[in-house]
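Q: Using only what follows, build the 3D model:
(chains A and B)
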Amino acid sequence: MQIAPPDFDRMFGALADHTRRDIVRRAIDSKEGVAELASHYPMSFAAVQKHVAILERAGLVTKHRIGRRKVVRTNVEGLRVARRLLDQYEELWRGRIDRMTQLVNEYTRETDQ
Amino acid sequence: MTVTAVRKDPHALTMTLDAEFEASPERVWQLWSDPRQLERWWGPPTYPATFTKHDLKPGSRVEYHMTGPDGDQPKGYWDVQTVDPPHSLAVRDGFANDDGSPNTDMPTGEMRVSIEELGAGRTRMSIVSIFPSTEVMEQLLAMGQEEGMTVAVGQIDAILAEEGATL
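A: Numbers count the residues shown, from 1 in each chain, chains lettered A, B, ... in the order given. Here you go, the predicted structure:
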């Protein structure tokens, strides 16, 4: 599965907020709609709705219809992808150092000849 | 492994990475001062960097872009703060818009490089990344800063842990 960098940015931008992380956590196994979710937070329904929309755009939650209700559900596969991408990015600076070392060695070989 | 230490201070919001090279400080400095060499290590082979403006003088702006596998070209810049070849370099790094102007919606970070001779032909390079706030730190992780990354990994782990063994 390929995720382009903009999706990655969006995903982590979405997770950078405490309330949104909490929503993602709750929505793993709850069957709550936006209104029920909103009751857990000291903020307006509209504010929670906005948070859910940001998470939805980032692919972290989806809305499912159960009968007449719409419930918010965490996209666990999305989280797994995020985790995998993070592992890759964690290696970024180590990768740079490896490339620097390679360059330095290349130069040394050239001057040795 | 040439990375000898990675220190992360969540209170001071800094990350320091030390690496050692079997080369002189002058040689290590070239990796930064020569844009053609910089391009060979700043981005991974799959996302190479191109430095379109590169003059390491205080007050100057270094401009670069990355080129992704799909041809996308995210742009970035460094505002050079201090330069002391071959010992140190300090820049503020930010993200740029398509036209190359600084993206003011995105936070800027600070990166300090110091290069120290260890003797016996060895040189230590330290990279210090300084983040103005935890929020900025978390945002910067998307661009590959390790500290922010660790924070987010922790968040995702915490979220997944609540789901327990079903994963």
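Q: And the helices in the chain, which stretches?
A: Since no chain was named, I'll use chain A. Using DSSP state H, the helices found in chain A span residues A:5-15, A:18-26, A:34-38, A:45-57, A:76-90, A:92-112.
Q: Switch to chain B, please.
A: Secondary structure of chain B, counting by DSSP H: helices at B:25-33, B:35-38, B:134-140, B:146-163.
Q: So for the third one, mean pLDDT?
A: Averaging the model's pLDDT scores along helix B:134-140 yields 49.
Q: do the second one as well
A: Averaging pLDDT along helix B:35-38 gives 92.
Q: what about it and chain A, touching?
A: Yes: applying CB under 8 Å from any CB of the partner chain, one finds helix B:35-38 touching chain A at B:Gln37. C-betas here are computed from N, CA, C, even on glycine.
Q: Can you list the low-confidence ranges for chain A?
A: A:1-9, A:78, A:80-91, A:107-113 (pLDDT under 70).
Q: How about chain B?
A: B:1, B:7-15, B:106-107, B:131-167.
Q: again, only this time at 90
A: Chain B contains residues with pLDDT under 90 at B:1-19, B:21-23, B:40-49, B:66-76, B:93-100, B:103-111, B:127-167.
Q: Next up, the contacts around B:Gly121.
A: By CB atoms under 8 Å, 6 or more residues apart in numbering or on different chains, B:Gly121 lies in contact with B:22-24.
Q: at 7 Å what do you get?
A: Contacts for B:Gly121 were tallied using CB atoms under 7 Å, 6 or more residues apart in numbering or on different chains; they are B:Glu22.
Q: what's the answer for B:Gln73, then?
A: B:Gln73 is in contact with B:65-67, counting by CB under 7 Å, 6+ apart.
Q: how about 10 Å then?
A: Applying CB atoms under 10 Å, 6 or more residues apart in numbering or on different chains to B:Gln73 gives the contacts B:50, B:64-67, B:98.
Q: List phi and psi for it.
A: phi -130, psi 80 (degrees, to the nearest 10).
Q: which residue packs closest to B:Pro69, ignoring adjacent ones?
A: Of all residues beyond its chain neighbours, the one nearest B:Pro69 is B:Thr46 (5.8 Å), with distances taken as CB to CB, 6 or more residues apart in numbering or on different chains.
Q: Skipping its backbone neighbours, what lies nearest A:Leu55 in space?
A: Ranked by CB to CB, 6+ apart and with sequence neighbours excluded, the top spatial neighbour of A:Leu55 is A:Val61, at 4.4 Å.
Q: For that neighbour, which residues count as its bridge partners?
A: Beta-bridge pairing for A:Val61 (DSSP bridges): A:Thr74.
Q: sorry, back to before: of the contacts of B:Gln73 - the most surrounded one?
A: When those are compared by neighbour count (other CB atoms under 10 Å in any protein chain shown), B:Tyr64 ends up highest, at 24 neighbours.
Q: all strands for chain B, in order.
A: Per DSSP state E, chain B carries strands over the ranges B:3-9, B:14-21, B:49-53, B:61-66, B:75-84, B:88-96, B:109-119, B:122-130.
Q: Format the ones you listed as CSV; extra columns: distance to A:Ile23.
A: Output for the strands of chain B, formatted as CSV (distance: least, CB to CB, whole Å):
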stretch, distance to A:Ile23
strand B:3-9, 28
strand B:14-21, 29
strand B:49-53, 36
strand B:61-66, 32
strand B:75-84, 31
strand B:88-96, 27
strand B:109-119, 28
strand B:122-130, 30
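Q: Surely B:Thr123 touches B:Thr4?
A: No: applying CB atoms under 10 Å as the test, B:Thr123 and B:Thr4 come out as separate, 11.7 Å apart.
Q: The two: which is more packed in?
A: Between B:Thr123 and B:Thr4, counting by other CB under 10 Å, B:Thr123 is the more crowded of the two (22 against 13).
Q: wait, what's in contact with the more buried one?
A: A:104, B:19-29, B:86, B:115-117.
Q: Please indicate which of these are buried?
A: Buried residues within the contacts of B:Thr123, counting neighbours by 16 or more other CB atoms under 10 Å in any protein chain shown: A:104, B:19-21, B:23-25, B:27-29, B:86, B:115.
Q: tell me the contacts of B:Glu117?
A: B:Glu117 sits in contact with B:24-26, B:28, B:86-87, B:123-124, where contact means CB under 10 Å, 6+ apart.
Q: Quick check: it vs B:Phe21, distance?
A: Distance of B:Glu117 to B:Phe21, computed by CB to CB, to the nearest Å: 11 Å.
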